[in-house]
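Colleague: give me a 3D structure for the following:
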Amino acid sequence: MISDWETIGPLLHGTARAWRLKLDERLKPMGLSQAKWRTLLHLSVAPNALTQTEIAARLGVEEPTVVTLLHRLEREGWVTRRSSPHDRRCNTVHLGRRAQRIIAQIKSAANKLRHELLSDIPPAELRTCIKVLTRICEKAEKRDKLRRNGTPLAAHRNGQNRNGQPIPKRRVPHPAMRVAK
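Modeller: Presented below is the predicted three-dimensional model:
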């Protein structure tokens with residue numbers, strides 16, 4: 001029997017995927033692929049212009065993928081790229097005129113879908129769900145940040161592994177004591 005612990009990851013992934021696919025269906029008639037509308041939406045809600053690296057991180061894809069996507073979006077008039085005022089080595093990405101006209105339609109379709117999917121869920125349950133998902137996300141992001149900083153995760157568990165057991169010390173034999181094979 002599968003436990004709740006084992007189903008939570010696939011359930012989260014499947015829910016996010018199903019939600020994106022439903023929105024994708026509604027935005028296709030506007031000429032927007034999932035890659036396009038997700039990029040435009042991230043750009044529209046960001047407080048400042050984003051770099052290619054930041055867009056890649058938000059979309060969860062590699063930078064070369066974003067470069068190709070941005071070339072296409074720029075060619076089609078959805079975005080413009082400018083040299084960063086803070087770092088000459090990178091470009092910032094801005095919504096183009098074509099995108100600015102359609103962002104309201106994207107947000108409207110997203111709001112309608114959100115209402116359809118969440119309308120019969122009691123507000124208290126939804127608040128609990130949001131709290132739980134926020135905590136999971138914060139923990140995952142904290143762990144990712146530790147990894148990016150090169151800090152071993154074990155160091156943040158006071159010498160214990162994930163199960164709370166002491167991490168055994170590895171004994172590396174002195175080079176003179178090693179046996180040749």
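
Colleague: for stretch 56-67, give me every contacting residue.
Modeller: For stretch 56-67, the external contacting residues (CB atoms under 8 Å, 6 or more residues apart in numbering) are 35, 38, 39, 42, 50, 52, 53, 55. Any C-beta I mention is one placed from the backbone N, CA and C, and that applies to glycine too.

Colleague: those residues in helices, which ones?
Modeller: Secondary structure defined by DSSP state H assigns 35, 38, 39, 42, 52, 53, 55 of these to helices.

Colleague: who wins on neighbours among the contacts of stretch 56-67?
Modeller: In terms of neighbour count, residue 39 stands highest of those at 26 neighbours, by other CB atoms under 10 Å.

Colleague: wait, that one touches residue 69, no?
Modeller: Yes: using CB atoms under 8 Å as the test, residue 39 is close enough to residue 69 to be in contact (6.4 Å).

Colleague: residue 69 against residue 33, yeah?
Modeller: No: counting by CB under 8 Å, residue 69 sits too far from residue 33 to count as a contact (9.4 Å).

Colleague: which of the two has more neighbours?
Modeller: The residue with the greater number of neighbours, taking residue 69 and residue 33 and applying other CB under 10 Å, is residue 69; the counts read 22 against 13.

Colleague: let me see the contact set for the more buried one.
Modeller: Contacts for residue 69 were tallied using CB under 8 Å, 6+ apart; they are 35, 36, 39.

Colleague: tell me which of those residues is nearest to residue 83?
Modeller: Within these, proximity to residue 83 (CB to CB) peaks at residue 39, which comes in at 19.7 Å.

Colleague: mind checking how far that closest one is from residue 86?
Modeller: Using CB to CB, to the nearest Å, we find residue 39 at a distance of 21 Å from residue 86.
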